[in-house]
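In: show me how the following folds:
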Amino acid sequence: MTLVVPSILSADFARLGEQVREAAAAGADRLQIDVMDGRFVPNITVGPLVVEAVRRHTTLPLEAHLMIVEPERYLSDFASAGADVIIVHQEASPHLHRTIEQIRRLGKRTGVAINPATPLVVLQEVLNELDLVLCMTVDPGFGGQEFIRATLPKIERLRGMITQHGAGCDLEVDGGISAATAPLAVRAGANVLVAGSAVYGDPEGVAAGIARLRAALA
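Out: Okay, here's the model as predicted:
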C-alpha cells in the first residue's frame, strides 16, 4: 500500500488546526512538517512550536523534515514537540551515523533525505539503520515546484539498493507530487508520497486532493 503524506507547508496557517483535521478525516496516512532555516535552504518556515501545535490537533504520525544545518542540535526539541519520524539531510549531517543513533535513542523513527543531485552511494553505510529514506524530487526550499523527472531512474536504483541490502526502510519521495506524477514515482519504487500543493492547493479542498492522488494510484 502506498502511503499519502500531506505536507503542511502548503496549508493555510491561519487555520492550521482545521487543515490538519481535514487531512486526517480525508484518510492521510501521516503528516509532514517542513522545517527550513534559511541556511541549508533559502527559505525559513517553522520550528518545534508548530510541531507541538499540530500534535494537539491529530493522532496521525508526524514527520519532521529537517532542512537545516546542524540538525543534531535540535533533535530532542522536535522529539519532545511530538514528531514521530525525524528526517535529516545527509548533506547537512557530517556525522550521519551518530545523528541517526541520537534519533533512535530519543525513541523516534529515523529518516535520511538526499537532494536530487546527491549520489546514492552516500546512503550505503547507513541504509540498514533507517526506517525511511527520502529521495527529493525537487531541490528543497520551496513548495509548488515542478517534479524533476530525471529523478525517476534514481528512485529505481534506490529501490534496488534497498532490496539488495535487505533493508526494511520506506522509500519516500517529496516534491512536485500530483495525480500526474504520483504513479510515476510509485512505478519507480516509492511507497510513500509527500504532497503539499496537490492536497492543500486543490480547488475542491483537501479531501478532493487526497482522493485524486488515491485514484491516480488505483
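In: longest single helix anywhere in this structure?
Out: helix 152-165 (DSSP state H).
In: what residues sit buried inside it?
Out: The neighbour-count check on helix 152-165 (16 or more other C-beta atoms under 10 Å) flags Leu152, Lys154, Ile155, Leu158, Arg159, Met161, Ile162 as buried. C-betas here are computed from N, CA, C, even on glycine.
In: closest to Leu132 out of those residues?
Out: Nearest to Leu132 among the buried residues of helix 152-165: Ile162, at 10.7 Å, using C-beta to C-beta.
In: now for the longest helix of the chain, which elements pack on it?
Out: strand 132-136, strand 170-174, helix 182-188 (3 or more C-beta pairs under 8 Å, 6 or more residues apart in numbering; DSSP states H and E).
In: could I have the longest one exported to PDB, CA atoms only?
Out: Included here for helix 182-188 are C-alpha records, laid out as PDB according to Å, rounded to 0.1, in the frame of the first residue of the first chain:
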ATOM      1  CA  ALA A 182       2.500  10.000  -8.300                       C
ATOM      2  CA  PRO A 183       2.000   6.900 -10.400                       C
ATOM      3  CA  LEU A 184       5.500   7.500 -12.000                       C
ATOM      4  CA  ALA A 185       7.100   7.700  -8.600                       C
ATOM      5  CA  VAL A 186       5.300   4.500  -7.400                       C
ATOM      6  CA  ARG A 187       6.200   2.600 -10.500                       C
ATOM      7  CA  ALA A 188       9.800   3.600  -9.900                       C
END
